[in-house]
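Asks: Generate coordinates for the sequence data below:
(chains A, B and C)
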Amino acid sequence: MKTMKDETRKGPWTEQEDILLINFVNLFGDRRWDFVAKVSGLNRTGKSCRLRWVNYLHPGLKRGKMTPQEERLVLELHARWGNRWSRIARKLPGRTDNEIKNYWRTHTRKKAQERKSAMSPSLSSSNCSSSSNITTVNSPPLPGTGEASFYDTGGLGEAVQGGEKGYSMDDIWKDIENSTINEPVCDGFSEEGCNFSCPSLASPSWEYSPDTLWSISGEESRMFLPYDDGTMLLTG
DNA sequence: AACGTAAGCAACCGCGGTGCG
DNA sequence: TCGCACCGCGGTTGCTTACGT
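Replies: Reported below is the predicted structural model:
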């Protein structure tokens, strides 16, 4: 039974809603989403709140372009695990399943198009190098091997070498090597179920800090004052 | 400068799993 | 043991922005 009062909001989140959600998550944690949704006064479902938090508001999130290493990691993990986006995301600190999923979608679409055009007889076959890609993932070029692939065409530069702080790509690769399809992988930052939960318990690479509080403009960030314990104060 | 298309991103939906009374 | 409520995941959709003509 839904009354008009129960009508939940949908669609894009406003800044005010974000602020509210952050404050209430900091108060009550990021597990009881229905509760948070109710007490916050947001006319949103718990589900919606969770999604907004996980995909956008979580302070550990990295924003911006995937590094070539991350791209390679995604491809490798996808080759192993398929569309287990959340699982893959756990291997990529600061990236969400949604982000990876979107990346993959775009990526595969691009690849499909490249393939198509490569197949086309009217086009030169010289561009096959960029369409070898995914099927070669089974034997991924490990970091440091210097093996060139199309994945490395983006960004490059300093981002490649130790661009990730806290949890090195080497560690991640080692971790992956040690993991198997059947074994859920548990590590410091990506413990099953702990990744996005309990911010105050997050591993160092996920901890709250003004630096990791989004990649937002100064104007936006002015609205918050992080407490010592990681909670925020709305300054208005 | 205007328009059309592609790409990227944020959010919703439906389903399955899990915990609890 | 069963039913319910909630959570999390994967798939999909729709909107916005970027780019090319």
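Asks: average pLDDT across stretch A:83-93?
Replies: Stretch A:83-93 carries an average pLDDT of 85.
Asks: which parts of that stretch are buried?
Replies: Across stretch A:83-93, burial judged by 16 or more other C-beta atoms under 10 Å covers A:85-93. Yep, even glycine has a C-beta here, placed from its N, CA and C like the rest.
Asks: Please apply the same query to stretch A:9-20.
Replies: Quick answer for stretch A:9-20 (16+ other C-beta under 10 Å): A:13, A:17-20.
Asks: what does stretch A:27-39 give?
Replies: A:29-30, A:33, A:36-37.
Asks: what's the most distant pair in these?
Replies: A:29 and A:37 (13.2 Å; C-beta to C-beta).
Asks: ok, so of the buried residues of stretch A:9-20, who is nearest DNA strand B?
Replies: Taking C-beta to the nearest atom of the strand as the measure, residue A:13 is the one of those closest to DNA strand B, at 3.7 Å.
Asks: mind checking the SS state of the closest one?
Replies: coil (DSSP: H, G, I helix; E, B strand; the rest coil).
Asks: separation between the closest residue to it other than its chain neighbours and residue A:73?
Replies: Excluding the flanking residues, the one nearest residue A:13 by C-beta to C-beta, 6 or more residues apart in numbering is residue A:52, at 5.5 Å. Between residue A:52 and residue A:73 the computed distance is 26 Å (C-beta to C-beta, to the nearest Å).
Asks: which SSE is the residue of chain A at minimum distance from DNA strand B in?
Replies: Nearest to DNA strand B, among the residues of chain A, is residue A:106, at 2.9 Å (C-beta to the nearest atom of the strand). Using DSSP states H and E, residue A:106 maps to helix A:97-119.
Asks: Let me know the average pLDDT across that helix.
Replies: Averaging pLDDT along helix A:97-119 yields 76.
Asks: Same question for stretch A:170-185.
Replies: On average, stretch A:170-185 scores 58.
Asks: returning to what we had before: I'd like the buried residues of stretch A:27-39 laid out as JSON lines, including secondary structure.
Replies: Conversion of those to JSON lines gives the following (three-state DSSP):
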{"residue": "A:29", "secondary structure": "coil"}
{"residue": "A:30", "secondary structure": "coil"}
{"residue": "A:33", "secondary structure": "helix"}
{"residue": "A:36", "secondary structure": "helix"}
{"residue": "A:37", "secondary structure": "helix"}
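Asks: Identify, from those residues, the entry nearest to residue A:43.
Replies: residue A:37 (8.5 Å).
Asks: OK, contacts around that closest one?
Replies: Residue A:37 makes contacts with A:44-46, A:48-49, as judged by C-beta atoms under 8 Å, 6 or more residues apart in numbering.
Asks: Would you state the predicted confidence (pLDDT) at it?
Replies: So residue A:37 comes in at 88 (pLDDT).
Asks: Which of the helices or strands spans residue A:70?
Replies: Per DSSP H and E, residue A:70 falls inside helix A:68-81.
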